[in-house]
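A.B. asks: Sequence first, then the predicted structure, then my questions.
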Amino acid sequence: MDDEPTIESLRRQLFEAETAISERDDLQRTLTDELRTMTRMHGLADRLLAISDLSTGLNEVLDAALGVFDSVRGTVQILDPEAGTLSYAASRGFDEKALAAVPPIDRDFHSTCAVCIRTGGRVVAGDIASDPRWADHASTAAELGYGAALSSPLKTRRDELLGVMTVHFNDPYTPSDRELRWADLFAQSAAHLVERALAEAALRRSREQEILIHELQHRTRNLLTVISGVADQTLAASRSLEEFAPRFEERLAALGRVQGLLSRDIEPNVTVEDLIRLELTARGLDLRGEVVLLEGPKQPLPPAAIQLLALAVHELLTNAVKHGSLRRPEGRLKISWGSVANVDRERLRLDWHESGAALTADASTRGFGLELLESLLPFELDARTTVDFTRDGVHVSVDLPL
């Protein structure tokens, strides 16, 4: 009789069996969740390999993390190391205006992400409304619509803080150890994206610096060559050093003005109109089109042509003011330009047409201006030029490859 099971022992066995089944079911659910999360992480890794845009990549990571926690709200913020503040790089579930209304988040702010940058470690706020540690943050959290938050630091391989990823929960929530481990992995993925973006930006800046230095060296060599040629030609056309000095200084000033246009970009985007207006402004001439009429499209110039063409415009204007149409109230100047088709390549056509000039005999005297138009431009730029002097004024045509 002693070997017969008692009701108590049967109850105990039943309880143990039910517990074992429950534990097995829990384990099965845990394994299923783990497998699902691992599959999500694997798919994320594949997608991130094909993504070059930082914002797109961070949103992908954030979406995957929110899926693990069954949450709809989250943010990724990047730390500005100089200002010590966080800025939003990705967000889900928040109104952008509401986020913009939040004061700048620095290490002294009252949110979980601020504590994260203070401590450099993971921060969990399971019940913001009732936990006295988050009393200062409770109103902000309530306005943004969440009751709990988990902030994970984004760190470099050298343990330097890059930012914070935060998952927000509508109601109080305490993540499990497994969920915390996954949060760390997603934060690590986001950190790798930010670190890669920073490295690529630094590489681009380095390459841009190299290009800029090379371009500046190239421009300097060209400028020195042009200055040398201008000096030689001006000296040859001058009867004395007293005559040489002001002419040379004027031409150097014209070159100096165009250097300001060239310095705007690594790849100059100087147009024909830029050059002409630069010289008109320098001389205080009409820019309203009453005396000088400009007609032409927004046509960028080949970088190699900019300095010499600027000198040509300078010389033509000098001649127009001293001897041509711009010395008389009734005189007019029309400058037009545009591209023209050519068998081998597109070319730029620039026409300079003065009227009402009543030219003097000195206007056609051969000097640096004519030498520049008829010799230097064809030799240096493969230009085709014509210069005609009439009683009405000078007519110049310049045709050069684009």
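C.D. replies: Perfect, thanks for sending it. Numbering: from 1, shown residues only.
A.B. asks: Who does the host helix or strand of residue 338 pair with, and is each partner parallel or antiparallel?
C.D. replies: For residue 338, the host element (DSSP states H and E) is strand 332-340. Note on strand 332-340: by DSSP bridges, its sheet partners are strand 292-295 (parallel), strand 347-355 (antiparallel).
A.B. asks: And the strands in the stretch 301-402 of the chain?
C.D. replies: 332-340, 347-355, 384-389, 394-401 (DSSP state E, counting those that start in this stretch).
A.B. asks: Tell me what angle the shortest one forms with strand 394-401.
C.D. replies: It stands for strand 384-389. Strand 384-389 runs at 180 degrees relative to strand 394-401, counting by axes from the mean of the first three to the mean of the last three Cα atoms, to 10 degrees.
A.B. asks: Remind me what strand 384-389 packs against, helices and strands.
C.D. replies: Counting by 3 or more Cβ pairs under 8 Å, 6 or more residues apart in numbering; DSSP states H and E, the packing neighbours recorded for strand 384-389 are helix 377-381, strand 394-401. Where C-beta positions appear, they are placed from N, C-alpha and C, glycine not excepted.
A.B. asks: again, only this time at 6 Å
C.D. replies: Packing partners of strand 384-389 (3 or more Cβ pairs under 6 Å, 6 or more residues apart in numbering; DSSP states H and E): strand 394-401.
A.B. asks: Run through who's touching the strand it packs on.
C.D. replies: The contact list for strand 394-401 (Cβ atoms under 6 Å, 6 or more residues apart in numbering) reads 324, 345, 347-354, 381-388.
A.B. asks: rewinding a little: turn the strands of the stretch 301-402 of the chain into JSON lines, columns for mean neighbour count.
C.D. replies: Shown next, in JSON lines, are the strands of the stretch 301-402 of the chain (neighbours: other Cβ atoms under 10 Å):
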{"stretch": "strand 332-340", "mean neighbour count": "17"}
{"stretch": "strand 347-355", "mean neighbour count": "20"}
{"stretch": "strand 384-389", "mean neighbour count": "15"}
{"stretch": "strand 394-401", "mean neighbour count": "19"}
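A.B. asks: With respect to residue 235, which of those lies nearest?
C.D. replies: Evaluated with Cβ to Cβ, the strands of the stretch 301-402 of the chain place strand 384-389 nearest to residue 235, the distance being 22.5 Å.
A.B. asks: neighbouring strands for that closest one, and are they parallel or not?
C.D. replies: As assigned by DSSP bridges, strand 384-389 forms pairs with strand 394-401 (antiparallel).
A.B. asks: and the strand it pairs with, what's its mean pLDDT?
C.D. replies: Strand 394-401 shows a mean pLDDT of 91.
A.B. asks: Would you mind writing the CA trace of it as PDB?
C.D. replies: Taking C-alpha atoms only, strand 394-401 is exported to PDB below (Å, rounded to 0.1, in the frame of the first residue of the first chain):
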ATOM      1  CA  VAL A 394      35.400  98.900 -83.600                       C
ATOM      2  CA  HIS A 395      33.900  95.600 -84.400                       C
ATOM      3  CA  VAL A 396      35.500  92.500 -82.800                       C
ATOM      4  CA  SER A 397      34.600  88.800 -83.200                       C
ATOM      5  CA  VAL A 398      36.200  86.100 -81.000                       C
ATOM      6  CA  ASP A 399      35.500  82.400 -81.800                       C
ATOM      7  CA  LEU A 400      37.000  79.900 -79.400                       C
ATOM      8  CA  PRO A 401      36.400  76.200 -78.500                       C
END
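A.B. asks: Quick check: closest non-adjacent residue to residue 382.
C.D. replies: Spatially, and ignoring its direct neighbours in sequence, residue 382 is nearest to residue 401 (5.8 Å; Cβ to Cβ, 6 or more residues apart in numbering).
A.B. asks: Check residue 164 too.
C.D. replies: Nearest residue to residue 164 in three dimensions, chain neighbours excluded: residue 113, at 4.2 Å (Cβ to Cβ, 6+ apart).
A.B. asks: How many residues are close by the one you found?
C.D. replies: The number of residues packed near residue 113 is 23, by other Cβ atoms under 10 Å.
A.B. asks: do residue 283 as well
C.D. replies: Residue 283, neighbours per other Cβ under 10 Å, totals 14.
A.B. asks: try residue 321
C.D. replies: As a burial measure, residue 321 scores 15 neighbours (other Cβ under 10 Å).
A.B. asks: For the stretch 1-150 of the chain, which segments count as helices?
C.D. replies: 7-49, 54-69, 96-101, 112-119, 138-144 (DSSP state H, counting those that start in this stretch).
A.B. asks: How much space separates residue 100 from residue 198?
C.D. replies: In this structure, residue 100 and residue 198 are 24 Å apart, going by Cβ to Cβ, to the nearest Å.
A.B. asks: Output the lowest mean pLDDT helix or strand found in this structure.
C.D. replies: helix 7-49 (a mean of 64; mean pLDDT, DSSP states H and E).
A.B. asks: I'd like the distance between the nearest residue to residue 324 once chain neighbours are set aside and residue 331.
C.D. replies: Here the nearest residue to residue 324 in space, its sequence neighbours aside, is residue 357; by Cβ to Cβ, 6+ apart that works out to 4.5 Å. Distance, residue 357 to residue 331, by Cβ to Cβ: 6 Å.
A.B. asks: residue nearest the centroid of this protein?
C.D. replies: To find the centre residue of the chain, average its C-alpha atoms and take the closest one (Cα atoms, centre = their mean): that gives residue 201, at 10.3 Å.
A.B. asks: On the three-state scheme, that one is what?
C.D. replies: Secondary structure, DSSP: H, G, I helix; E, B strand; the rest coil: residue 201 is helix.
A.B. asks: Quick check: it vs residue 208, distance?
C.D. replies: 10 Å.
A.B. asks: do residue 123 as well
C.D. replies: Per Cβ to Cβ, residue 123 is found 38 Å from residue 208.
A.B. asks: Can I get the strands paired with strand 332-340 in TSV including mean pLDDT?
C.D. replies: Formatted as TSV, the strands paired with strand 332-340 follow (pLDDT from 0 to 100):
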stretch	mean pLDDT
strand 292-295	90
strand 347-355	91
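A.B. asks: what's the closest of those strands to residue 192?
C.D. replies: The closest of these to residue 192 is strand 347-355. By Cβ to Cβ, the value is 49.4 Å.
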